[in-house]
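Participant: heads up, no residue letters with this:
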Ligand code: ADP
Ligand code: MG
(Lines give C-alpha, C1' and ligand atoms only; values in the text may rest on other atoms or scores of the structure.)
(Ligands and ions follow the chains in the order given, each with its own letter.)
Protein backbone atom coordinates (compact mmCIF):
# COMPACT_ATOMS: atom_id res chain seq x y z
CA UNK A 1 0.00 0.00 0.00
CA UNK A 2 1.24 3.50 -0.87
CA UNK A 3 1.84 5.64 2.20
CA UNK A 4 2.06 9.43 2.31
CA UNK A 5 2.98 12.24 4.71
CA UNK A 6 1.65 15.79 4.84
CA UNK A 7 4.13 17.27 2.40
CA UNK A 8 3.40 14.53 -0.19
CA UNK A 9 -0.30 15.34 0.06
CA UNK A 10 0.26 19.07 -0.47
CA UNK A 11 2.44 18.34 -3.49
CA UNK A 12 -0.18 15.95 -4.81
CA UNK A 13 -2.74 18.74 -4.43
CA UNK A 14 -0.66 21.35 -6.28
CA UNK A 15 0.01 18.83 -9.08
CA UNK A 16 -3.72 18.55 -9.65
CA UNK A 17 -5.49 21.73 -8.62
CA UNK A 18 -4.91 25.48 -8.91
CA UNK A 19 -4.81 27.94 -5.98
CA UNK A 20 -3.70 27.71 -2.37
CA UNK A 21 -4.44 24.71 -0.14
CA UNK A 22 -4.63 24.30 3.65
CA UNK A 23 -3.43 21.11 5.32
CA UNK A 24 -5.17 19.10 8.07
CA UNK A 25 -4.33 15.90 9.90
CA UNK A 26 -6.67 13.36 11.50
CA UNK A 27 -5.28 10.33 13.36
CA UNK A 28 -6.24 6.68 13.54
CA UNK A 29 -6.75 5.22 16.99
CA UNK A 30 -5.91 2.32 19.20
CA UNK A 31 -8.09 0.95 21.96
CA UNK A 32 -6.53 -0.63 25.02
CA UNK A 33 -9.69 -2.01 26.60
CA UNK A 34 -13.45 -1.95 26.07
CA UNK A 35 -14.12 -3.48 22.66
CA UNK A 36 -17.55 -3.40 21.00
CA UNK A 37 -18.96 -1.63 24.02
CA UNK A 38 -19.07 1.97 22.84
CA UNK A 39 -22.43 1.19 21.25
CA UNK A 40 -23.43 -0.79 24.36
CA UNK A 41 -23.30 2.07 26.87
CA UNK A 42 -19.92 1.01 28.21
CA UNK A 43 -16.54 2.60 28.86
CA UNK A 44 -13.67 2.39 26.39
CA UNK A 45 -9.97 3.23 26.54
CA UNK A 46 -8.86 4.58 23.18
CA UNK A 47 -6.04 6.93 22.19
CA UNK A 48 -5.32 8.72 18.95
CA UNK A 49 -2.01 7.69 17.40
CA UNK A 50 0.57 9.60 15.41
CA UNK A 51 -0.36 7.79 12.18
CA UNK A 52 -3.34 9.05 10.22
CA UNK A 53 -4.47 10.93 7.15
CA UNK A 54 -3.52 14.35 5.83
CA UNK A 55 -6.08 16.34 3.89
CA UNK A 56 -5.22 19.27 1.62
CA UNK A 57 -8.22 21.45 0.79
CA UNK A 58 -8.68 24.50 -1.46
CA UNK A 59 -11.29 26.39 -3.45
CA UNK A 60 -13.17 25.07 -6.46
CA UNK A 61 -16.10 26.25 -8.60
CA UNK A 62 -19.25 27.11 -6.70
CA UNK A 63 -21.34 24.11 -5.66
CA UNK A 64 -18.78 21.50 -6.82
CA UNK A 65 -16.40 19.20 -5.04
CA UNK A 66 -13.67 16.84 -6.12
CA UNK A 67 -11.75 14.61 -3.68
CA UNK A 68 -8.72 12.54 -4.65
CA UNK A 69 -7.47 9.57 -2.62
CA UNK A 70 -3.70 9.40 -3.13
CA UNK A 71 -3.81 5.88 -1.65
CA UNK A 72 -6.35 4.60 -4.16
CA UNK A 73 -5.35 6.92 -7.02
CA UNK A 74 -9.05 7.61 -7.57
CA UNK A 75 -11.39 10.60 -7.46
CA UNK A 76 -14.88 11.20 -6.22
CA UNK A 77 -16.59 14.24 -7.80
CA UNK A 78 -19.97 15.76 -7.26
CA UNK A 79 -22.35 18.63 -6.91
CA UNK A 80 -23.76 19.64 -3.50
CA UNK A 81 -27.30 19.71 -4.85
CA UNK A 82 -27.32 16.06 -5.90
CA UNK A 83 -25.31 13.92 -3.47
CA UNK A 84 -26.11 10.23 -3.50
CA UNK A 85 -24.54 7.01 -2.29
CA UNK A 86 -21.72 5.43 -4.25
CA UNK A 87 -19.47 2.45 -3.46
CA UNK A 88 -16.51 1.58 -1.22
CA UNK A 89 -14.30 4.38 0.06
CA UNK A 90 -16.27 7.10 -1.74
CA UNK A 91 -19.17 6.65 0.66
CA UNK A 92 -17.01 7.77 3.60
CA UNK A 93 -16.37 11.07 1.81
CA UNK A 94 -19.88 11.51 0.42
CA UNK A 95 -21.41 10.63 3.78
CA UNK A 96 -19.52 13.47 5.51
CA UNK A 97 -20.43 16.04 2.84
CA UNK A 98 -24.03 14.86 2.97
CA UNK A 99 -24.12 15.34 6.76
CA UNK A 100 -22.94 18.97 6.53
CA UNK A 101 -25.66 19.70 4.00
CA UNK A 102 -28.27 17.75 5.93
CA UNK A 103 -27.51 19.90 8.98
CA UNK A 104 -28.18 23.03 6.96
CA UNK A 105 -24.62 24.25 6.39
CA UNK A 106 -23.92 25.76 3.02
CA UNK A 107 -20.54 24.68 1.69
CA UNK A 108 -18.14 26.46 -0.64
CA UNK A 109 -16.96 24.46 -3.64
CA UNK A 110 -13.73 22.61 -2.79
CA UNK A 111 -10.97 20.37 -4.07
CA UNK A 112 -9.28 18.00 -1.65
CA UNK A 113 -6.50 15.42 -1.70
CA UNK A 114 -5.90 12.93 1.08
CA UNK A 115 -3.64 10.05 2.00
CA UNK A 116 -1.54 8.95 4.93
CA UNK A 117 0.23 6.17 6.73
CA UNK A 118 -2.65 4.18 8.21
CA UNK A 119 -3.34 0.65 7.04
CA UNK A 120 -6.99 0.37 6.03
CA UNK A 121 -9.30 -2.23 7.46
CA UNK A 122 -6.74 -3.19 10.13
CA UNK A 123 -8.72 -2.06 13.17
CA UNK A 124 -6.90 1.30 13.47
CA UNK A 125 -9.98 3.15 12.32
CA UNK A 126 -8.86 4.46 9.00
CA UNK A 127 -12.57 5.09 8.42
CA UNK A 128 -12.87 7.59 11.30
CA UNK A 129 -9.57 9.25 10.37
CA UNK A 130 -10.94 9.74 6.88
CA UNK A 131 -14.24 11.18 8.10
CA UNK A 132 -12.71 13.41 10.78
CA UNK A 133 -9.94 14.66 8.46
CA UNK A 134 -12.46 15.82 5.89
CA UNK A 135 -14.85 17.18 8.51
CA UNK A 136 -12.26 19.35 10.31
CA UNK A 137 -11.09 20.63 6.93
CA UNK A 138 -14.65 21.51 5.84
CA UNK A 139 -15.47 23.03 9.23
CA UNK A 140 -12.52 25.43 8.93
CA UNK A 141 -12.80 26.04 5.21
CA UNK A 142 -16.40 27.18 5.67
CA UNK A 143 -15.80 28.92 9.06
CA UNK A 144 -18.55 26.84 10.68
CA UNK A 145 -17.06 26.65 14.18
CA UNK A 146 -18.60 23.31 15.05
CA UNK A 147 -17.30 21.89 18.33
CA UNK A 148 -15.06 18.81 18.34
CA UNK A 149 -17.87 16.79 19.85
CA UNK A 150 -20.32 17.85 17.17
CA UNK A 151 -17.80 16.95 14.47
CA UNK A 152 -17.37 13.50 16.04
CA UNK A 153 -21.17 12.99 16.05
CA UNK A 154 -21.47 14.26 12.49
CA UNK A 155 -18.83 11.78 11.32
CA UNK A 156 -20.47 8.89 13.19
CA UNK A 157 -23.78 9.72 11.50
CA UNK A 158 -21.99 9.84 8.15
CA UNK A 159 -20.66 6.31 8.72
CA UNK A 160 -24.14 5.09 9.71
CA UNK A 161 -25.87 6.54 6.69
CA UNK A 162 -23.51 6.12 3.73
CA UNK A 163 -21.16 3.13 4.23
CA UNK A 164 -23.88 1.90 6.60
CA UNK A 165 -21.64 0.68 9.40
CA UNK A 166 -23.54 1.23 12.66
CA UNK A 167 -20.42 2.16 14.59
CA UNK A 168 -20.34 3.58 18.11
CA UNK A 169 -18.75 6.94 18.92
CA UNK A 170 -15.33 5.74 20.09
CA UNK A 171 -13.40 5.98 16.81
CA UNK A 172 -14.49 9.48 15.86
CA UNK A 173 -14.19 10.69 19.46
CA UNK A 174 -10.61 9.42 19.73
CA UNK A 175 -9.64 10.89 16.35
CA UNK A 176 -10.95 14.30 17.47
CA UNK A 177 -9.98 14.36 21.17
CA UNK A 178 -6.71 12.40 21.33
CA UNK A 179 -3.77 13.92 23.19
CA UNK A 180 -0.05 13.14 23.17
CA UNK A 181 0.84 10.41 25.71
CA UNK A 182 -2.73 10.16 26.96
CA UNK A 183 -5.20 7.29 27.01
CA UNK A 184 -8.82 8.46 27.04
CA UNK A 185 -11.21 6.78 29.42
CA UNK A 186 -14.42 7.51 27.58
CA UNK A 187 -17.85 7.20 29.12
CA UNK A 188 -20.01 6.25 26.15
CA UNK A 189 -23.26 7.41 27.72
CA UNK A 190 -22.22 10.93 28.67
CA UNK A 191 -19.56 11.21 25.95
CA UNK A 192 -17.06 12.66 28.38
CA UNK A 193 -13.53 11.42 28.86
CA UNK A 194 -10.86 11.42 31.49
CA UNK A 195 -7.22 11.46 30.38
CA UNK A 196 -4.80 8.91 31.78
CA UNK A 197 -1.05 9.29 31.31
CA UNK A 198 0.45 6.34 29.42
CA UNK A 199 3.51 4.90 31.21
CA UNK A 200 6.86 5.30 29.41
CA UNK A 201 8.02 1.92 30.77
CA UNK A 202 5.77 0.11 28.31
CA UNK A 203 5.20 0.23 24.56
CA UNK A 204 2.08 -0.30 22.52
CA UNK A 205 2.79 -2.68 19.68
CA UNK A 206 0.26 -3.59 17.02
CA UNK A 207 0.68 -6.80 15.10
CA UNK A 208 -1.35 -6.88 11.92
CA UNK A 209 -2.50 -10.37 10.97
CA UNK A 210 -2.95 -8.95 7.46
CA UNK A 211 -6.31 -10.68 7.35
CA UNK A 212 -8.46 -7.84 6.01
CA UNK A 213 -11.75 -7.18 7.67
CA UNK A 214 -14.54 -5.32 6.06
CA UNK A 215 -16.91 -3.87 8.58
CA UNK A 216 -19.70 -3.30 6.12
CA UNK A 217 -20.01 -6.99 5.28
CA UNK A 218 -22.55 -7.62 8.03
CA UNK A 219 -20.74 -9.18 11.02
CA UNK A 220 -20.44 -5.87 12.85
CA UNK A 221 -24.02 -4.75 12.34
CA UNK A 222 -25.25 -8.24 13.30
CA UNK A 223 -23.49 -7.97 16.68
CA UNK A 224 -25.22 -4.65 17.21
CA UNK A 225 -28.63 -6.13 16.53
CA UNK A 226 -27.96 -9.13 18.77
CA UNK A 227 -26.92 -6.82 21.60
CA UNK A 228 -30.15 -4.84 21.22
CA UNK A 229 -32.20 -8.01 21.23
CA UNK A 230 -30.44 -9.25 24.38
CA UNK A 231 -30.96 -5.96 26.19
CA UNK A 232 -34.66 -5.88 25.37
CA UNK A 233 -35.10 -9.40 26.84
CA UNK A 234 -33.32 -8.34 30.05
CA UNK A 235 -35.49 -5.21 30.20
CA UNK A 236 -38.73 -7.20 29.97
CA UNK A 237 -37.94 -8.80 33.31
CA UNK A 238 -35.99 -5.87 34.77
CA UNK A 239 -37.54 -2.64 33.45
CA UNK A 240 -35.22 -0.58 35.65
CA UNK A 241 -32.30 -1.63 33.41
CA UNK A 242 -31.95 1.29 31.00
CA UNK A 243 -28.82 0.02 29.26
CA UNK A 244 -26.07 -2.59 29.59
CA UNK A 245 -24.26 -0.52 32.17
CA UNK A 246 -27.17 -1.08 34.55
CA UNK A 247 -27.36 -4.82 33.90
CA UNK A 248 -25.66 -7.42 36.11
CA UNK A 249 -24.46 -10.97 35.52
CA UNK A 250 -27.08 -12.12 37.97
CA UNK A 251 -29.93 -10.46 36.04
CA UNK A 252 -28.64 -11.96 32.81
CA UNK A 253 -28.52 -15.44 34.33
CA UNK A 254 -32.12 -15.06 35.39
CA UNK A 255 -33.30 -14.55 31.82
CA UNK A 256 -30.91 -17.09 30.30
CA UNK A 257 -33.70 -19.47 29.31
CA UNK A 258 -35.63 -16.72 27.56
CA UNK A 259 -32.95 -16.01 24.98
CA UNK A 260 -31.03 -17.88 22.31
CA UNK A 261 -27.68 -19.16 23.62
CA UNK A 262 -25.79 -16.94 21.18
CA UNK A 263 -27.60 -13.82 22.43
CA UNK A 264 -26.82 -14.87 26.01
CA UNK A 265 -23.13 -15.10 25.16
CA UNK A 266 -23.12 -11.67 23.50
CA UNK A 267 -24.72 -10.12 26.59
CA UNK A 268 -22.36 -11.93 28.95
CA UNK A 269 -19.38 -10.51 27.05
CA UNK A 270 -20.78 -6.98 27.12
CA UNK A 271 -21.51 -7.01 30.86
CA UNK A 272 -18.07 -8.44 31.64
CA UNK A 273 -16.22 -6.08 29.30
CA UNK A 274 -17.89 -3.00 30.78
CA UNK A 275 -16.68 -4.15 34.18
CA UNK A 276 -13.16 -4.88 32.86
CA UNK A 277 -12.84 -1.44 31.30
CA UNK A 278 -13.79 0.20 34.62
CA UNK A 279 -11.27 -1.91 36.51
CA UNK A 280 -8.68 -1.38 33.77
CA UNK A 281 -8.86 2.40 34.10
CA UNK A 282 -8.28 2.08 37.81
CA UNK A 283 -5.25 -0.21 37.27
CA UNK A 284 -3.73 2.07 34.64
CA UNK A 285 -4.12 5.13 36.86
CA UNK A 286 -2.46 3.34 39.75
CA UNK A 287 0.36 2.03 37.56
CA UNK A 288 -0.54 -1.66 37.91
CA UNK A 289 0.32 -2.72 34.37
CA UNK A 290 0.30 -6.42 35.22
CA UNK A 291 -3.32 -6.30 36.38
CA UNK A 292 -4.22 -4.13 33.40
CA UNK A 293 -2.61 -6.63 31.01
CA UNK A 294 -4.61 -9.49 32.53
CA UNK A 295 -7.78 -7.57 31.68
CA UNK A 296 -6.58 -7.35 28.07
CA UNK A 297 -6.08 -11.12 27.84
CA UNK A 298 -9.48 -11.70 29.43
CA UNK A 299 -11.02 -9.28 26.93
CA UNK A 300 -9.59 -11.34 24.08
CA UNK A 301 -11.03 -14.55 25.54
CA UNK A 302 -14.45 -12.90 25.66
CA UNK A 303 -14.17 -11.55 22.12
CA UNK A 304 -13.15 -15.00 20.93
CA UNK A 305 -15.57 -17.26 22.82
CA UNK A 306 -18.56 -15.09 23.67
CA UNK A 307 -18.75 -12.22 21.19
CA UNK A 308 -17.18 -14.41 18.46
CA UNK A 309 -15.44 -11.71 16.46
CA UNK A 310 -11.97 -13.28 16.41
CA UNK A 311 -10.35 -15.56 13.84
CA UNK A 312 -7.61 -18.24 14.02
CA UNK A 313 -4.89 -15.79 12.98
CA UNK A 314 -5.71 -13.33 15.78
CA UNK A 315 -6.02 -16.15 18.33
CA UNK A 316 -2.63 -17.45 17.28
CA UNK A 317 -1.01 -14.02 17.69
CA UNK A 318 -2.49 -13.49 21.16
CA UNK A 319 -1.48 -16.96 22.23
CA UNK A 320 2.10 -16.38 21.03
CA UNK A 321 2.19 -13.05 22.91
CA UNK A 322 1.10 -14.76 26.11
CA UNK A 323 4.23 -16.95 26.02
CA UNK A 324 6.42 -13.91 26.70
CA UNK A 325 6.67 -12.52 30.23
CA UNK A 326 7.55 -9.15 28.73
CA UNK A 327 4.11 -8.95 27.14
CA UNK A 328 1.75 -7.76 29.86
CA UNK A 329 -1.41 -8.03 27.80
CA UNK A 330 -2.65 -8.70 24.29
CA UNK A 331 -5.98 -8.90 22.51
CA UNK A 332 -7.59 -8.33 19.15
CA UNK A 333 -8.34 -4.68 18.54
CA UNK A 334 -11.13 -3.00 16.61
CA UNK A 335 -14.14 -4.62 15.02
CA UNK A 336 -12.43 -8.01 14.72
CA UNK A 337 -12.63 -10.74 12.06
CA UNK A 338 -9.04 -9.82 11.15
CA UNK A 339 -6.84 -6.78 11.50
CA UNK A 340 -4.47 -6.24 14.42
CA UNK A 341 -3.73 -7.40 17.91
CA UNK A 342 -2.69 -4.79 20.45
CA UNK A 343 0.16 -5.74 22.78
CA UNK A 344 1.45 -4.01 25.86
CA UNK A 345 5.15 -4.86 26.08
CA UNK A 346 8.00 -3.76 28.32
CA UNK A 347 9.65 -1.02 26.26
CA UNK A 348 13.20 -2.31 26.19
CA UNK A 349 12.09 -5.71 24.86
CA UNK A 350 9.24 -4.57 22.61
CA UNK A 351 10.98 -4.74 19.23
CA UNK A 352 12.63 -8.11 19.71
CA UNK A 353 9.55 -9.78 21.20
CA UNK A 354 7.33 -8.46 18.39
CA UNK A 355 9.78 -9.81 15.85
CA UNK A 356 9.71 -13.25 17.45
CA UNK A 357 5.91 -13.30 17.46
CA UNK A 358 5.74 -12.28 13.82
CA UNK A 359 8.34 -14.93 12.91
CA UNK A 360 6.19 -17.64 14.51
CA UNK A 361 3.20 -16.28 12.61
CA UNK A 362 5.06 -16.50 9.32
CA UNK A 363 6.14 -20.04 10.08
CA UNK A 364 2.63 -21.12 11.01
CA UNK A 365 0.48 -19.35 8.42
CA UNK A 366 3.07 -18.81 5.64
CA UNK A 367 1.95 -15.20 5.72
CA UNK A 368 3.68 -12.06 6.96
CA UNK A 369 2.42 -10.15 9.96
CA UNK A 370 3.23 -6.42 10.09
CA UNK A 371 4.45 -4.79 13.27
CA UNK A 372 3.65 -1.15 14.14
CA UNK A 373 5.05 0.61 17.18
CA UNK A 374 2.53 3.29 18.06
CA UNK A 375 2.19 5.97 20.68
CA UNK A 376 -0.68 8.17 21.82
CA UNK A 377 -0.81 11.37 19.76
CA UNK A 378 -2.90 14.49 19.20
CA UNK A 379 -6.39 14.59 17.72
CA UNK A 380 -7.40 16.12 14.37
CA UNK A 381 -5.92 19.57 13.71
CA UNK A 382 -4.87 22.17 11.19
CA UNK A 383 -1.21 22.16 10.17
CA UNK A 384 0.16 25.67 9.84
CA UNK A 385 2.03 26.08 6.57
P1 LIG B 1 -10.82 0.50 9.85
O2 LIG B 1 -11.60 1.72 10.17
O3 LIG B 1 -10.55 -0.34 11.05
O4 LIG B 1 -9.55 0.79 9.12
P5 LIG B 1 -13.15 -0.01 8.27
O6 LIG B 1 -13.63 -1.21 7.57
O7 LIG B 1 -14.02 0.68 9.25
O8 LIG B 1 -11.74 -0.38 8.92
O9 LIG B 1 -12.77 1.12 7.21
C10 LIG B 1 -11.92 0.84 6.12
C11 LIG B 1 -12.46 1.50 4.88
O12 LIG B 1 -12.16 2.92 4.88
C13 LIG B 1 -11.78 0.99 3.62
O14 LIG B 1 -12.41 -0.21 3.17
C15 LIG B 1 -11.98 2.16 2.67
O16 LIG B 1 -13.28 2.14 2.09
C17 LIG B 1 -11.88 3.37 3.57
N18 LIG B 1 -10.49 3.89 3.52
C19 LIG B 1 -9.55 3.77 4.46
N20 LIG B 1 -8.40 4.35 4.09
C21 LIG B 1 -8.58 4.87 2.86
C22 LIG B 1 -7.78 5.60 1.91
N23 LIG B 1 -6.51 5.92 2.19
N24 LIG B 1 -8.34 5.97 0.74
C25 LIG B 1 -9.62 5.66 0.49
N26 LIG B 1 -10.42 4.98 1.32
C27 LIG B 1 -9.93 4.58 2.49
MG1 MG C 1 -13.67 1.77 10.91
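Facilitator: The structure has been received and is ready for your questions. This is a predicted model, so every value here is computed, not measured. Numbering: from 1, shown residues only. Ligands and ions are numbered 1, 2, ... in the order given.
Participant: Pairing partners for residue 78 in the sheet, please.
Facilitator: For residue 78, the beta-bridge partners under DSSP bridges are residue 65.
Participant: neighbours of it, just the number please.
Facilitator: Close neighbours of residue 78, defined as other Cβ atoms under 10 Å, add up to 19. Every C-beta, even on glycine, is put in place using the N, C-alpha and C of the backbone.
Participant: Can you give me the pLDDT of it?
Facilitator: At residue 78, the pLDDT value in this model is 96.
Participant: Poorly predicted segments of this protein, please.
Facilitator: 213-217 (pLDDT under 70).
Participant: Near ligand 1, which residues of it? Just list them.
Facilitator: Counting by Cβ under 6 Å from any ligand atom, the chain comes close to ligand 1 at 69, 71-72, 88-89, 92, 115, 120-127, 130, 214-215, 334.
Participant: Now, of those residues, which are buried?
Facilitator: Neighbour-count burial within the residues of the chain next to ligand 1 applies to 69, 71-72, 89, 92, 115, 120-127, 130, 215, 334; the criterion is 16 or more other Cβ atoms under 10 Å.
Participant: Next step: the residues of the chain next to ligand 1 restricted to strands.
Facilitator: Within the residues of the chain next to ligand 1, residues falling in strands by DSSP state E are 69, 115.
Participant: The residues of the chain next to ligand 1: which ones sit near ligand 2?
Facilitator: Taking Cβ under 5 Å from the ion as the test, ligand 2 is in contact with 125, 127 out of the residues of the chain next to ligand 1.
Participant: Which of the residues of the chain next to ligand 1 fall in helices?
Facilitator: 92, 126-127, 130 (DSSP state H).
Participant: could I get these as JSON lines with distance to residue 17?
Facilitator: Below are those laid out as JSON lines (distance: Cβ to Cβ, whole Å):
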{"residue": "92", "distance to residue 17": "21"}
{"residue": "126", "distance to residue 17": "24"}
{"residue": "127", "distance to residue 17": "25"}
{"residue": "130", "distance to residue 17": "19"}
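Participant: Which member of those residues is positioned nearest residue 208?
Facilitator: Nearest to residue 208 among those: residue 126, at 12.2 Å, using Cβ to Cβ.
Participant: Skipping adjacent residues, who's closest to the closest one in space?
Facilitator: residue 120 (4.2 Å; Cβ to Cβ, 6 or more residues apart in numbering).
Participant: and that neighbour, what does it touch?
Facilitator: For residue 120, the contact set (Cβ atoms under 8 Å, 6 or more residues apart in numbering) comprises 1, 71, 126.
Participant: closest to residue 56 among the residues you listed?
Facilitator: Using Cβ to Cβ, residue 71 comes nearest to residue 56 of the contacts of residue 120, at 13.9 Å.
Participant: for residue 28, helix, strand, or coil?
Facilitator: strand (DSSP: H, G, I helix; E, B strand; the rest coil).
Participant: Grab the nearest non-local neighbour of it.
Facilitator: Nearest to residue 28 is residue 124, by Cβ to Cβ, 6+ apart, at 3.9 Å.
Participant: what does residue 67 give?
Facilitator: residue 112 is the one closest to residue 67 (Cβ to Cβ, 6+ apart), at 4.6 Å.
Participant: from the contacts of residue 120, which single one is nearest residue 232?
Facilitator: residue 126 (32.9 Å).
Participant: so where does the residue nearest to residue 360 when sequence neighbours are not counted fall, helix or strand?
Facilitator: Among residues not flanking residue 360 along the chain, residue 320 sits closest, at 5.1 Å (Cβ to Cβ, 6+ apart). Taking DSSP states H and E as the criterion, residue 320 maps to helix 312-321.
Participant: And for that helix, what's in contact with it?
Facilitator: Contacts of helix 312-321 (Cβ under 8 Å, 6+ apart): 207, 209, 211, 297, 300, 304, 327, 330-332, 336, 338-339, 341, 343, 357, 360-361, 364-365, 367, 369.
Participant: Give me the buried positions along it.
Facilitator: For helix 312-321, by 16+ other Cβ under 10 Å, it's 313-318, 320-321.
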